[in-house]
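Asker: Sequence first, then the predicted structure:
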Amino acid sequence: MIVLKELLSGADFDTLDENIQSNLYELLNRVNKIRSAYGKPMYVTSGFRTMQHHIEIYAKKGITDLRKIPMRSLHLSGCAVDFSDPKHELQKFITENVPLLESVGLWVESFSFTRSWVHLQWKQPLSGRRFFMP
């Protein structure tokens with residue numbers, strides 16, 4: 001199972017806002033339902049992000065203009081997580097189990113934007129689409 005520590009990306013849970021803590025528990029509950037059905041390890045590459053960590057991630061990609069960094073990322077509120085998926089096994093599982101995603105209440109960033117990972121979030125995107133464009 002995925003544990004809270006994996007979602008924290010080094011952040012101290014006890015210092016986080018109560019809403020973020022609640023969001024992380026909700027995220028953990030939902031992704032563990034996927035993990036249980038998947039039956040294989042799922043490796044978190046990015047969970048909760050502090051604003052500083054968020055900006056650093058984009059700086060490593062060469063993006064330093066704050067206007068070009070998505071400041072409404074659900075990683076910042078503890079509602080989203082990314083999993084490593086270099087062989088596309090998790091993507092395949094998700095594609096074959098859309099009713100499970102619907103029942104758990106998770107949305108997925110379109111795989112055309114996440115070639116080697118899977119982004120899951122428990123807040124519905126504005127489009128309302130289960131597979132959405134960032």
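Answerer: Cool, the structure landed.

Asker: where does His88 land on pLDDT?
Answerer: At His88, the model reports a pLDDT of 98.

Asker: typo on my end, His53
Answerer: 91.

Asker: neighbours of it, just the number please.
Answerer: Close neighbours of His53, defined as other CB atoms under 10 Å, add up to 15. (Each C-beta comes from the backbone N, C-alpha and C, glycine too.)

Asker: Who's the closest spatial neighbour of the residue nearest in space to the middle of the chain, skipping the chain neighbours?
Answerer: Centroid check for the chain by CA atoms, centre = their mean gives Val81 as the closest residue, at 1.8 Å. Using CB to CB, 6 or more residues apart in numbering and skipping residues adjacent in sequence, the residue nearest Val81 is Gly47, 4.8 Å away.

Asker: what sits up against stretch 2-20?
Answerer: 21, 24-25, 27-28, 31-32, 35, 42, 44, 46-50, 53, 77-78, 81 (CB atoms under 8 Å, 6 or more residues apart in numbering).

Asker: what's the first-to-last distance across that stretch?
Answerer: 18 Å (CA to CA, to the nearest Å).

Asker: same deal with stretch 78-95?
Answerer: Using CA to CA, the two ends of stretch 78-95 sit 24 Å apart.
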